[in-house]
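Q: next comes the sequence, and after it the predicted model I'd like to discuss.
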Amino acid sequence: MYEFADTVPSSASSADRTLKIIFNEIDLEKELSDEDGSFITLSVSGRSNIKQNIQTLNVNGVDGLYEFHNPTIEYREITVKYLINDKTSEDLNKRLMRLNSLLIGSKKTLQFTDESVVYYATLLSNDIPEEVSNSYVATITFLCSDPFKYGETIFTEMTGDTTIIDIQGTEQVYPVFELEVLAPITFAMISNGNEFMLIGQPSDVTEKTVNKKEMIFHHDMESLTGWVESNVVNEGYVKGSFGVTNYGFYPILPDPDPGVYEWYGPVMKHGLQESVQDFLADMGFRFFTKSRGGSVGRIEMYGLDDRNNVIFRAWIEDKWYGYDHFGFCLELANGERTEYVTLPKGIEDIYGRLKVKREGNNWTIIMQQLQDGSGKVVVREWTKTIETDQVVQSISQIQLAFQKFYDTNEEDMEVLLMRCFKLNDIEGVPYIAQEGDVITLDHREKQNYGPEIRINGELRNDLKDFGAIPFSLKPGENNLVLLPSGQVQGSVQYMPTYR
């Protein structure tokens, strides 16, 4: 237990006190103290307590108990005693309501300024004594269903085929491996000597390796070189131009044509390396609201043939007056559409990817919401597929259009990436990743009976080998083997874990 000898607020400045509580990354003392009142952490108990669950069996005729192996650690409770005060009872109640509002949520980070570890805690109770004054001592009790303490994340580079890594802490850890692909690979494997994680399929010398997804267009939208203006749109009219930032293309929209109540905006296109029948077209974008509920906008991706005929049109938009909401759709050349899909309410700003895939007569539109700002992790995905007998030409051009409706305020729209892949229907052992791709193997999901496998942020648990398992690393030295040799490199990250 950690105690202060003096609990009078004026006895020490905030800077003098070494014990403060930070819950969900909020310093409660800083948040709840001002010239009229204060919150002061007095003591903490339970941080070093430990209790194990031991399975036993009472055997007749045998002294004592039979004890099963491998006891587990019980949950942890942490109790914080604090002093809170204010000038009036009414204001004190308001300060307490503010405190309660800051303690919501499950498994939030809990830290104390006198130690460099973090707990994952949920409020169990905030016990307030009888309210007889404007200053009194109360207690907060947190439940830590995960009983361990965690240090700051450590990153270690994996160099060569074998890496020796010295794991800090007192307990085994579940690592996250991030691998950079240096050349096309059909598999990737990491082993600790006893266990292994394998994705994809190694090929023997008699097998043919094939590229079933071949990139034929990639543009990071860093310049307009190679892009040309177009007058092809399925709805509205063309007006305006593209601007370029360090991140991507954005629309420059002049005033609309007077009295023309339609969508309008700039359009540009770019040729592909070759015409493709089966393909995956991919657009990464940012769609932010400039004024809540008062702006609209649309980003469109087209596939054109060599005569500028529209083969497909896909778009993401916010088209509602006075309300921020997103929807997306796919339209084929004959006007056939997938079902219009609206995203969940409450998404006001979005980083995303919009994809169109054609395989034979099957057309699929895929909308992915990315983790804010990362451009990597896909947090949600929506998919719609239609089958059509329509005879459709190959695409040989990719087109981008920004639009807004008449004199409305436009959204803050930006396209960050455009790609197109040729889908090859050929037999052989397929490549699972290309040069520059990033593979993430998250072993922290072991408790949920499987790892989290991502390639460039997209979940690919389907690639896991049947015999592969997510493994832990023990405290001290661990030998890690990374394959295929010379074709991948990366790092391992983990949080030192303590009882």
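A: Sure thing, it's come through.
Q: would residue 302 count as being in a helix?
A: No - counting by DSSP: H, G, I helix; E, B strand; the rest coil, one finds residue 302 to be strand, located in no helix.
Q: count of neighbours near it?
A: Residues near residue 302, counting by other C-beta atoms under 10 Å, number 26. C-beta coordinates here come from the backbone N, C-alpha and C atoms, glycine included.
Q: surely it and residue 310 touch.
A: Yes - A contact is recorded between residue 302 and residue 310 when judged using C-beta atoms under 8 Å, the distance being 6.0 Å.
Q: give me the common contacts of the two.
A: Among the neighbours of residue 302, those also in contact with residue 310 (C-beta atoms under 8 Å, 6 or more residues apart in numbering) are residue 232.
Q: so what's residue 167 up against?
A: Taking C-beta under 8 Å, 6+ apart as the contact definition, residue 167 lies against 173, 473, 474, 475, 476, 477, 478, 494, 496.
Q: mind checking how far it is from residue 271?
A: Residue 167 sits 52 Å away from residue 271, going by C-beta to C-beta, to the nearest Å.
Q: next: residue 311.
A: When C-beta to C-beta is the yardstick, residue 311 and residue 271 sit 14 Å from each other.
Q: equivalent analysis for residue 416, please.
A: Separation of residue 416 from residue 271 (C-beta to C-beta) stands at 20 Å.
Q: swap in residue 376?
A: Counting by C-beta to C-beta, the gap from residue 376 to residue 271 is 29 Å.
Q: in PyMOL, how would I select the buried members of the contacts of residue 167?
A: Only the buried entries of these go into this PyMOL selection, using 16 or more other C-beta atoms under 10 Å:
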select buried, resi 173+473+475+478+494+496
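Q: which of the contacts of residue 167 lies closest to residue 460?
A: For the contacts of residue 167, the minimum distance to residue 460 (C-beta to C-beta) is 21.8 Å, reached by residue 494.
Q: what ranges does the stretch 51-200 of the chain have for its helices?
A: According to DSSP state H, counting those that start in this stretch, the stretch 51-200 of the chain carries its helices in the segments 89-102.
Q: just the strands from it, written as ranges.
A: Taking DSSP state E, counting those that start in this stretch to define them, one finds strands in the stretch 51-200 of the chain at 52-53, 56-57, 66-67, 72-73, 76-85, 108-112, 119-127, 135-144, 149-150, 154-158, 162-167, 176-181, 187-191, 196-200.
Q: nearest to residue 434, out of those strands?
A: Put simply, out of the strands of the stretch 51-200 of the chain the one that sits nearest residue 434 is strand 176-181, at 6.5 Å, with distance taken as C-beta to C-beta.
Q: mind listing what's buried in that closest one?
A: Judged by neighbour count using 16+ other C-beta under 10 Å, the buried positions of strand 176-181 are 176, 177, 178, 179, 181.
Q: kindly report the same for stretch 406-422.
A: If you call a residue buried by 16+ other C-beta under 10 Å, then stretch 406-422 has these buried ones: 406, 410-411, 413-422.
Q: would you reformat those as a markdown table and include pLDDT?
A: Rendered in a markdown table, the data for these read as follows (pLDDT from 0 to 100):
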| residue | pLDDT |
| --- | --- |
| 406 | 93 |
| 410 | 87 |
| 411 | 89 |
| 413 | 96 |
| 414 | 96 |
| 415 | 97 |
| 416 | 95 |
| 417 | 95 |
| 418 | 97 |
| 419 | 96 |
| 420 | 97 |
| 421 | 96 |
| 422 | 97 |
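Q: tabulate these in TSV, adding columns for distance to residue 372.
A: As requested, the buried residues of stretch 406-422 are exported to TSV (distance: C-beta to C-beta, whole Å):
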residue	distance to residue 372
406	31
410	21
411	16
413	16
414	14
415	17
416	14
417	16
418	21
419	22
420	26
421	26
422	32
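Q: of those residues, closest to residue 129?
A: residue 411 (52.1 Å).
Q: picking up where we left off before, could you export the strands of the stretch 51-200 of the chain as CSV, including distance to residue 381 and mean pLDDT?
A: Shown next, in CSV, are these (distance: least, C-beta to C-beta, whole Å; pLDDT from 0 to 100):
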stretch, distance to residue 381, mean pLDDT
strand 52-53, 39, 90
strand 56-57, 48, 90
strand 66-67, 48, 88
strand 72-73, 36, 90
strand 76-85, 36, 96
strand 108-112, 27, 97
strand 119-127, 27, 97
strand 135-144, 33, 95
strand 149-150, 30, 96
strand 154-158, 29, 93
strand 162-167, 34, 93
strand 176-181, 21, 95
strand 187-191, 23, 96
strand 196-200, 20, 95
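Q: so which of these gets nearest residue 18?
A: Checking those against residue 18 by C-beta to C-beta gives strand 108-112 as the closest, at 9.4 Å.
Q: so which residues make contact with the closest one?
A: Under the criterion C-beta under 8 Å, 6+ apart, residues 19-25, 41, 44, 47, 78, 117-122, 142, 144 lie in contact with strand 108-112.
Q: direction included, what does that strand pair up with?
A: Listed by DSSP bridges, the sheet partners of strand 108-112 and their directions read strand 21-23 (antiparallel), strand 119-127 (antiparallel).
Q: any idea which of those strands is most buried?
A: Mean neighbour count, computed with mean count of other C-beta atoms under 10 Å, is highest for strand 21-23 among these, reaching a mean of 21.
Q: list of residues touching it?
A: By C-beta under 8 Å, 6+ apart, the surrounding residues in contact with strand 21-23 are 27-29, 41, 44, 80, 82, 102-103, 108-113, 121.
Q: if you set the cut-off to 10 Å instead, what comes out?
A: Under the contact criterion C-beta atoms under 10 Å, 6 or more residues apart in numbering, strand 21-23 has outside partners 27-31, 39-41, 44, 78, 80, 82, 99, 102-105, 108-113, 118-119, 121, 123, 140, 142.
Q: now the buried members of the residues you listed.
A: Those of the contacts of strand 21-23 that meet the buried threshold are 27-29, 39-41, 44, 78, 80, 82, 99, 102-103, 108, 110-112, 118-119, 121, 123, 140, 142, by 16+ other C-beta under 10 Å.
Q: who does residue 169 bridge with?
A: Residues found in beta-bridge contact with residue 169 (criterion: DSSP bridges) are residue 497.
Q: dump the residue contacts of it.
A: The contact partners of residue 169, taken as C-beta under 10 Å, 6+ apart, are 117, 148-151, 154, 473, 475-476, 494-499.
Q: then residue 233?
A: Neighbour list for residue 233: 262, 263, 264, 265, 267, 300, 302, 310, 313, 399, 401, 403 [criterion: C-beta under 10 Å, 6+ apart].
Q: in strands only, show me these.
A: Under the assignment DSSP state E, the contacts of residue 233 contribute 263, 264, 265, 267, 300, 302, 310, 313, 399, 401, 403 to strands.
Q: hang on, the last one packs against residue 318?
A: No - Residue 403 lies out of contact with residue 318 (C-beta atoms under 10 Å); the separation is 11.2 Å.
Q: neighbour count: those two, which is higher?
A: residue 403 (29 against 25).
Q: so that one bridges to which residues?
A: Applying DSSP bridges, one finds that residue 403 bridges with residue 298.
Q: same question for residue 178.
A: Applying DSSP bridges to residue 178 gives these bridge partners: residue 440, residue 491.
Q: also residue 237?
A: Legend: beta-bridge partners of residue 237 under DSSP bridges are residue 264.
Q: which residues touch it?
A: Residues in contact with residue 237 (C-beta under 10 Å, 6+ apart) are 231, 256, 257, 260, 262, 263, 264, 265, 267, 403.
Q: quick check on the residues you listed: which are buried?
A: Under a neighbour-count criterion of 16+ other C-beta under 10 Å, the subset of these counted as buried comprises 256, 263, 264, 265, 267, 403.
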